[in-house]
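Trainee: Got a predicted model here, sequence first, then my questions.
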Amino acid sequence: MTDNENKEKDKEKKGVWNRFMALSYDRRFLIIFGAVIVLFGLATLILALTLGEDMNWYGFIIGAAIVLCVVWGQYACVKQGYYSDMVFDYVIFAVPCAFGGGVLYYGFFNNFDFGGIAVLGALIGAGIGLIAAKLVYRYAFKNKPSVSLLQMLDLASVFILLGQAIGRIGCYFAHPQCCYGIPVDFDVFPFSYVVNSCPDHPGQLHLGNPFIESIWCAIGFIPMVIMYLSRRKSFNGFYISLYCIWYGVERFVLEFFRDPAQKLTAAGGFGESFGASQVVSLLMIAFGIIWIAQYIVRALLAGKKIMILVPKDKLSDEYFGYEKTVYARPHGDGNGNPIDYTAPVSEPEETDGEGK
């Protein structure tokens, strides 16, 4: 090899991209996540100075929430041992279905007026999108590693909380203002704020339901993401069950404090009666409790250990449902490198009696 060729190879090794890819997966994630935060910060500043109130802040904040969830979710996906493209494979189905589900849910309970979007409808739509993606990759792209619906929902549920915590802030910028609570007498922004668009109480202070839900989701996200990324692992369906219980309780209670002009009722339209979201919330709570309870009962009947927050190095077939998790047969090594189970195992080199 000539000196020029050696110099060219050295230049390639010293390139910015090559040095970036040589970093650990954790460091690459921190750099990308930090860069996304900085870019959104700069974009927010520029748009605020140039467009101000004319900017569609609601859409911008929702978009920011989606991007942050995808970036962090991608990191979690790889660290859990899933194949590196899994998040992107399913997001392209889940996001459009989420928007479609939110609009259809809103219209179904509002006399077929599809002029709004409902969060619970978006969650249902995202779930349908995941099912559709599962079917497509199962039958059309058989080279994709197997991922169960519960595994996808566990991953998604953790970061949906993050998306809701950020996205609910966008409700303050919606035109007309949406999701506000009942009229109140205290003036403590953002727990209360003036709503000019309310048909019954224009200019009245209303309870800051979006902020309350944002805080609730943020409080739930912190322990869930810590548990999910820790070395303590749980059975498939554990995190989606926790999400359904946590968010279901909050949404069921908060609906009692939503202004009737913003409350979709189970009978259709807006009003003070039992909310459509409260019905869905009760179903979510029931699912979460029943799924965890049935797992524990089945584990006890099978005479196996319960796999809830078990240290990863202690996992084995002694734990009920372990063989169905990604930890029993991971797709990757946790750093973005695939594991090839079909590769031949090299035989150890023979040594002499002295081990040389």
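Mentor: That came in fine, so what should we check first?

Trainee: In the stretch 1-150 of the chain, what residue spans correspond to helices?
Mentor: Taking DSSP state H, counting those that start in this stretch as the criterion, the stretch 1-150 of the chain contains helices spanning 3-13, 16-21, 25-50, 57-80, 86-108, 119-139, 149-167.

Trainee: Give me the average confidence score over the third one.
Mentor: For helix 25-50, mean pLDDT is 91.

Trainee: for it, packing partners?
Mentor: Counting contacts by 3 or more Cβ pairs under 8 Å, 6 or more residues apart in numbering; DSSP states H and E, helix 25-50 packs against helix 16-21, helix 57-80. Backbone N, C-alpha and C define where each C-beta goes, glycine included.

Trainee: can you redo these as TSV with mean pLDDT?
Mentor: Shown next, in TSV, are the helices and strands packed on helix 25-50 (pLDDT from 0 to 100):
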stretch	mean pLDDT
helix 16-21	84
helix 57-80	92
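
Trainee: Can you tell me which of these is most buried?
Mentor: Of all the helices and strands packed on helix 25-50, helix 57-80 has the most neighbours on average by mean count of other Cβ atoms under 10 Å, namely a mean of 19.

Trainee: any idea how far Ile240 lies from Val70?
Mentor: Ile240 sits 18 Å away from Val70, going by Cβ to Cβ, to the nearest Å.

Trainee: quick one on the thing from earlier: so of the helices of the stretch 1-150 of the chain, which one's packed in deepest?
Mentor: It is helix 149-167: most buried of those by mean count of other Cβ under 10 Å, with a mean of 23.

Trainee: Quick one: mean pLDDT for it?
Mentor: 94.

Trainee: switch to numbering from 30
Mentor: Sure, I'll start numbering at 30, so the last one becomes helix 178-196.

Trainee: and that helix, how far from the chain's centre?
Mentor: 2 Å (Cα atoms, centre = their mean, to the nearest Å).

Trainee: Let's see it as CSV, backbone CA atoms only.
Mentor: Provided in CSV are the C-alpha atoms of helix 178-196 (Å, rounded to 0.1, in the frame of the first residue of the first chain):
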residue,chain,number,x,y,z
LEU,A,178,-47.9,-6.3,20.0
LEU,A,179,-47.4,-6.2,23.7
GLN,A,180,-43.7,-5.5,23.4
MET,A,181,-44.4,-2.6,21.0
LEU,A,182,-47.1,-1.3,23.4
ASP,A,183,-44.7,-1.5,26.4
LEU,A,184,-42.1,0.6,24.6
ALA,A,185,-44.7,3.0,23.2
SER,A,186,-46.5,3.6,26.4
VAL,A,187,-43.5,4.9,28.2
PHE,A,188,-42.8,7.6,25.6
ILE,A,189,-46.5,8.4,25.0
LEU,A,190,-46.4,9.8,28.5
LEU,A,191,-43.6,12.1,27.5
GLY,A,192,-45.4,13.1,24.3
GLN,A,193,-48.5,13.9,26.3
ALA,A,194,-46.6,15.9,28.9
ILE,A,195,-45.1,18.1,26.1
GLY,A,196,-48.1,18.1,23.8
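
Trainee: Can you give the distance of the helix or strand just after that helix from its chain's centre?
Mentor: Heading C-terminal from helix 178-196, the first helix or strand you meet, by DSSP states H and E, is strand 221-224. How far strand 221-224 lies from its chain's middle: 29 Å, per Cα atoms, centre = their mean.

Trainee: And strand 221-224, what's buried?
Mentor: Ser221, Tyr222, Val224 (16 or more other Cβ atoms under 10 Å).

Trainee: what's across from the second one in the sheet?
Mentor: Beta bridges link Tyr222 to His235, judged by DSSP bridges.

Trainee: List the contacts of it.
Mentor: Residues in contact with Tyr222 (Cβ atoms under 8 Å, 6 or more residues apart in numbering) are Tyr201, Tyr209, Leu234, His235, Gly237.

Trainee: With respect to Tyr54, which of the buried residues of strand 221-224 is nearest?
Mentor: Distances from Tyr54 to the buried residues of strand 221-224, taken as Cβ to Cβ, are shortest for Tyr222 (42.1 Å).

Trainee: Distance check, that closest one against Ile160.
Mentor: Taken as Cβ to Cβ, the span from Tyr222 to Ile160 is 38 Å.

Trainee: that older thread, scan the contacts of Tyr222 and report the most crowded one.
Mentor: Tyr209 (29 neighbours; other Cβ atoms under 10 Å).

Trainee: residue contacts, that one?
Mentor: Per Cβ under 8 Å, 6+ apart, neighbours of Tyr209: Cys200, Tyr222, Val224, Cys227, His235, Leu236, Gly237, Asn238, Pro239, Arg287, Asp288, Gln291.

Trainee: taking the contacts of Tyr222 as a set, which two sit the farthest apart in space?
Mentor: Tyr201 and Leu234 (13.8 Å).

Trainee: Can you give me the buried ones in stretch 261-278?
Mentor: Quick answer for stretch 261-278 (16+ other Cβ under 10 Å): 262-278.

Trainee: can you tell me how far the spatially most central residue of the chain sits from Ile90?
Mentor: Closest residue to the average C-alpha location of the chain: Phe188 at 2.4 Å, with Cα atoms, centre = their mean. As for Phe188, its distance to Ile90 is 16 Å (criterion: Cβ to Cβ).
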